[in-house]
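Peer 1: Please find the sequence and the predicted model below.
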Amino acid sequence: MTECILRMRQITKRFGEVIANSEVNLDVEKGEAHALLGENGAGKSTLMNCLYGMYDSYEGEIYFDGKLERVSDPKRAIALGIGMVHQHFMLIPVLTVVENVVLGLKDNKELLDLRGAADKFERLGKKYNMVIDPWARVETLSVGQQQRVEILKALYRDARLLILDEPTAVLTPGEIEGLFEMIAALKNEGRTVIFISHKLNEIMRVCDRCTVLRQGRVEATVRVDEVRDREHLAALMVGREVELQTVKAPCQPGEERLVVEHLAALNDLGLPAVRDMSFAIRGGEILGICGVDGNGQSEMVQCLTGLRRTTGGRILIGGKDATGYSVRQILREGLSHIPEDRHKFGMIGAMNIEENFILVSYREELYSRRGLLNWRWIGKHSASLVDSYNVKTPTAKEEAKNLSGGNQQKMVVARELDRGPKLLIAVHPSRGLDIGATKYIQSQIIKQRDNGAAVMMVSTELDELMELSDRILVMYEGENMGVLTQGEATREKLGALMAGIRARPGA
Amino acid sequence: MEFVTNFLTADIRTATPLLLAALGLVFSERAGIVNIGTEGIMLIGALLGSVGAHVFAAPFMGALFAVLGGALAGYVFAFFTVTLRGNQIVVGTAFNIFALGLTTTLNRLLLAGVKSIPGYRTLAVPGLSRLPALGPILFRWSLPVYLAFLLAPLCWFALYKTNTGLKIRGVGEHPKASDTLGINVFRVRYGVLIFAGMMAGLAGSFVSMGQASTFIENMVAGKGFMAVAVCVFGNYSPLGVMLAALLFGATDALKYRLLPVVGGGYSQFLNMLPYVITVLALCVFAKRSNKPAASGVAYRKE
């Protein structure tokens, strides 16, 4: 029996009436990489936040290094040697890297020695092959670099147990490899890693053992090298058998629905975000847009949906020049848009589901007559939408903000697809959703394509793009790096293009 | 020459209370608290200063009263906004109304019939004050004036070079991130609000014991709000705040210099000058801002 660095016993965490963790037991051995696998809302982050002292209270016992500890605040956790890289980075954007690193250190002198800290930080970075300028402001760093700052920040505090909460969600395939090497290096030094994820293949690659959580409870703890079939792990996580493979009929492309010619646009800071972008999507086809977040995808989508001014090029929808169209004009051409941030752009939290359903169509026949809304019909129609899109809610009068993330997304998807789009732009359609909801929304997107809609799907999830897209366009710094067909696309090829490395001609 | 000397001394005299209060505000604003209640705290400082100086017949005791009263007011403000998470603007406004009533009542109770109180004494710097031109402008002041202008660079140093300053900036930008690093967000915010209260109290005492030698009801007359504007205009930086306070003081000094030129009939327009400049300055400089990301938002631990 190897030594356990961490034992959590009967941990229960409630938020008001909601029980996020229920009697969870977790053993983590010294020097292992231990995965926490579970869907969104399974309680993985909550459990780790308890361990890191983020909450005022929890029920149960935590043993660290064999001693019973009450982790009442992060200060205690840091003192014990626990480090955590949160899913949303805990960095202060306007401060420099080194200021972020020393912030809150308990052995800081009142007069800060930033130079000394920067030296120590650079040495640490070299040791783990993660060199970062300590004097750069954090907001100027890429997301991947920020994550490295977070990891180094924890190691600077000499964390013996490092918690990584969904660390790969924001990385390119190349950066993910780097992270995996880092995890291996940490294990070599005898440090322990807890790796939170819902991606089976990543867990199979880097972890020694895996604990599956579902609805706040532990389903099982298994040795990864003894897992023979992934379907079994997925079933433990979801609570029923799941089809991991997506079924899709062959593509039957029709006429060109969306043509983009030499499109250019600026970002909010006035810098070029989209450069000389050209492509076309036919009806009955899904074009995936692949790229690391922040490479102009958002700006391009905003141009196409009328939310951002273009600075060059043309947009043709159904053969008509739609450059400079207002949002309403574009919607009339048959566009449906599943936006990237559903809270900001997709819904109004303080309105109920019915009201959210009619945000676009309120002027249409049946919805309203002579400026008065036809609530009786809207109510009936909403009930049928809630039903057919599986939105889990007591009634369609429930406020949208009370729905879970997955159900909010289903609500937005229901509204957008109900209009019978000719052109569908879906951005991160499954971001933040669990496997069940993801599969459902993906099947709805495929259904639209089979009905003849032209679909543009922006995603950072390579698996999703490779499964659903008929063709994949890779964006890097606002440019089109190339288009691969579903058959041609591999993780390696996409990864190189995402990193800005163009395939050599003839290679 | 005499015009310049008079103009600059008037400038510094007007700028001093604004600078004192705004230096405190830099810290509380940088930690994420919008402290509109400064106006009221200054008024309390003005009254307590007068009471202390009158009762003990010593300006020093007045300053002590004002600073302690300001600290207490800052503590109460922190209790409402940090612990109870009240809306900072609403609490601040309530504070100002309360302070006006309180000081008016206490003035009639404690200072009835008092014509004049011992104000801050001028301390000429030996030697330097005899310098031609510079002497009277820079070296013939009372203690709070020297203190205000010496504190500006000290505050700059504290904010950018010390551990405490870094914590304050961290708490204002991203309280949750600071919490994950073991910083007690609540304690930091209490600390800066008490400090800002002390500074506002001292600033208030300079209004009653430096600019005047008596307490008059509602004598702060918007200087607390102007200190907030100075803080924004000075881009939440101690040195910026010093320049901003001097600029605001200059417009006020200009007002009196222009009065004979323009004539009495239009004096109201001249009285508007500092406020018009405040509005214009805030419009022009609102963009490039060190305003902290979590400004005005109470922190809640889950």
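Peer 2: Perfect, thanks for sending it. Keep in mind that this is a model prediction, so the values were computed, not measured.
Peer 1: what's the longest helix in chain B?
Peer 2: Identified as the longest helix of chain B according to DSSP state H is helix B:2-30.
Peer 1: Does anything pack onto it? Which helices or strands?
Peer 2: Applying 3 or more Cβ pairs under 8 Å, 6 or more residues apart in numbering or on different chains; DSSP states H and E, we find helix B:2-30 packed against helix B:38-56, helix B:134-138, helix B:143-161, helix B:163-173, helix B:185-206, helix B:223-233, helix B:238-262. Glycine gets a C-beta too; all of them are placed from N, C-alpha and C.
Peer 1: Please spell out which residues along that helix are buried.
Peer 2: Across helix B:2-30, burial judged by 16 or more other Cβ atoms under 10 Å in any protein chain shown covers B:7-30.
Peer 1: Between helix B:185-206 and it, find me the angle.
Peer 2: Here the directions of helix B:2-30 and helix B:185-206 differ by 160 degrees (axes from the mean of the first three to the mean of the last three Cα atoms, to 10 degrees).
Peer 1: in chain A, what residue sits furthest out from the centroid?
Peer 2: Most distant residue from the mean C-alpha position of chain A: A:Arg370, 43.1 Å away (Cα atoms, centre = their mean).
Peer 1: I'd guess A:Arg257 is in a strand, am I close?
Peer 2: Yes: using DSSP: H, G, I helix; E, B strand; the rest coil, the assignment for A:Arg257 is a strand.
Peer 1: Can you give me the separation between it and chain B?
Peer 2: The gap separating A:Arg257 from chain B is 41 Å, by Cβ to the nearest Cβ, to the nearest Å.
Peer 1: Run a quick neighbour tally on that residue.
Peer 2: The number of residues packed near A:Arg257 is 28, by other Cβ atoms under 10 Å in any protein chain shown.
Peer 1: what about residue 230, how many neighbours?
Peer 2: I went with chain A, as the question did not name one. Neighbour number of A:Arg230 under other Cβ under 10 Å is 13.
Peer 1: looking at chain B here, not the other one
Peer 2: For B:Val230, using other Cβ under 10 Å, the count is 30.
Peer 1: thought A:Phe334 was touching A:Leu423?
Peer 2: Phe isn't right for residue A:334; it's Gly. Yes: applying Cβ atoms under 8 Å, one finds A:Gly334 in contact with A:Leu423, separated by 5.8 Å.
Peer 1: Give me the common contacts of these two.
Peer 2: A:317-318 (Cβ atoms under 8 Å, 6 or more residues apart in numbering or on different chains).
Peer 1: And these two? Which one has more around it.
Peer 2: Between A:Gly334 and A:Leu423, A:Leu423 has the larger neighbour count (other Cβ under 10 Å), namely 23 against 17.
Peer 1: separation between the more buried one and chain B?
Peer 2: Taken as Cβ to the nearest Cβ, the span from A:Leu423 to chain B is 37 Å.
Peer 1: What's opposite that residue in the beta bridge?
Peer 2: Note on A:Leu423: beta-bridge partners A:Leu335, A:Ala454, judged by DSSP bridges.
Peer 1: pLDDT wise, what is it at?
Peer 2: The score at A:Leu423 is 95. That number is its pLDDT.
Peer 1: Kindly report the same for the one 10 residues further on.
Peer 2: You'll see A:Leu433 listed with a pLDDT of 74.
Peer 1: Could you pull up the contacting residues of it?
Peer 2: Here A:Leu433 is in contact with A:40, A:405-406, A:409, A:441 (Cβ under 8 Å, 6+ apart).
Peer 1: B:Met198 now?
Peer 2: B:24, B:67, B:70-71, B:74.
Peer 1: Tell me the buried residues within those.
Peer 2: Here, 16+ other Cβ under 10 Å leaves B:24, B:67, B:70-71, B:74 buried among the contacts of B:Met198.
Peer 1: Backbone torsions only: list them for the closest residue to A:Met351 other than its chain neighbours.
Peer 2: Leaving out its chain neighbours, the residue that sits closest to A:Met351 by Cβ to Cβ, 6 or more residues apart in numbering or on different chains is A:Ala400, at 6.1 Å. Dihedral angles phi and psi of A:Ala400 (degrees, to the nearest 10) take the values phi -60, psi -30.
Peer 1: what does A:Ala159 give?
Peer 2: Per degrees, to the nearest 10, the backbone of A:Ala159 is at phi -70, psi 130.
Peer 1: Could you give the secondary structure assignment for the residue nearest to it when sequence neighbours are not counted?
Peer 2: Excluding the flanking residues, the one nearest A:Ala159 by Cβ to Cβ, 6+ apart is A:Gly83, at 2.9 Å. Counting by three-state DSSP, the backbone at A:Gly83 sits in strand.
Peer 1: residues touching A:Gly83, list them.
Peer 2: A:153-155, A:157, A:159, A:161-163.
Peer 1: make it 10 Å
Peer 2: Applying Cβ atoms under 10 Å, 6 or more residues apart in numbering or on different chains, we find A:Gly83 in contact with A:52, A:74, A:77, A:150-151, A:153-164, A:191, A:193, B:180.
Peer 1: A:Pro250 now?
Peer 2: A:Asp470.
Peer 1: okay, it: pLDDT?
Peer 2: For A:Pro250, the predicted pLDDT is 86.
Peer 1: Quick check: A:Leu233 vs A:Glu23, distance?
Peer 2: 22 Å (Cβ to Cβ, to the nearest Å).
Peer 1: who's more crowded, those two?
Peer 2: A:Leu233 (22 against 14).
Peer 1: worst-scoring helix or strand of the chain, pLDDT-wise?
Peer 2: I went with chain A, as the question did not name one. Sorting the helices and strands of chain A by mean pLDDT, DSSP states H and E puts helix A:230-238 at the bottom, at a mean of 80.
Peer 1: The chain in question should be chain B.
Peer 2: helix B:267-285 (a mean of 78).
Peer 1: Check the contacts of A:Leu433 against A:Leu417 and report the nearest one.
Peer 2: A:Ile441 (9.7 Å; Cβ to Cβ).
Peer 1: then stretch A:304-315 to CSV, C-alphas only?
Peer 2: Output of stretch A:304-315 as CSV, limited to C-alpha atoms (Å, rounded to 0.1, in the frame of the first residue of the first chain):
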residue,chain,number,x,y,z
LEU,A,304,-21.3,37.8,-40.3
THR,A,305,-24.1,38.4,-37.9
GLY,A,306,-24.2,42.2,-38.3
LEU,A,307,-22.7,43.0,-34.8
ARG,A,308,-19.4,44.4,-36.0
ARG,A,309,-18.5,46.7,-38.9
THR,A,310,-16.2,45.2,-41.6
THR,A,311,-13.3,47.2,-42.8
GLY,A,312,-12.9,45.4,-46.1
GLY,A,313,-14.2,42.6,-48.3
ARG,A,314,-17.7,41.3,-49.0
ILE,A,315,-20.3,39.0,-47.4
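Peer 1: how near is the closest residue to B:Leu246 other than its chain neighbours to chain A?
Peer 2: Spatially, and ignoring its direct neighbours in sequence, B:Leu246 is nearest to B:Ala15 (5.0 Å; Cβ to Cβ, 6+ apart). From B:Ala15 across to chain A, the span is 28 Å (Cβ to the nearest Cβ).
Peer 1: thought B:Ala15 was touching B:Gln211?
Peer 2: No: using Cβ atoms under 10 Å, B:Ala15 and B:Gln211 do not qualify as a contacting pair, with a distance of 11.2 Å.
Peer 1: how far out from the middle of the chain is the longest helix of chain B?
Peer 2: On the basis of Cα atoms, centre = their mean, to the nearest Å, helix B:2-30 sits 9 Å off its chain's mean C-alpha point.
Peer 1: and A:Leu91, what does it touch?
Peer 2: A:Leu91 touches A:97, A:100-101, A:103, A:138-139, A:141, A:146-147, A:149-150, A:153, B:173-174, B:177, counting by Cβ under 10 Å, 6+ apart.
Peer 1: Narrow the residues you listed to those that are buried.
Peer 2: Here, 16+ other Cβ under 10 Å leaves A:97, A:100-101, A:103, A:138, A:141, A:146-147, A:149-150, A:153, B:173-174, B:177 buried among the contacts of A:Leu91.
Peer 1: Next, give me the two most distant ones among those.
Peer 2: For the buried ones among the contacts of A:Leu91, and using Cβ to Cβ, no pair is farther apart than A:Gln147 and B:Glu173, which are 19.0 Å apart.
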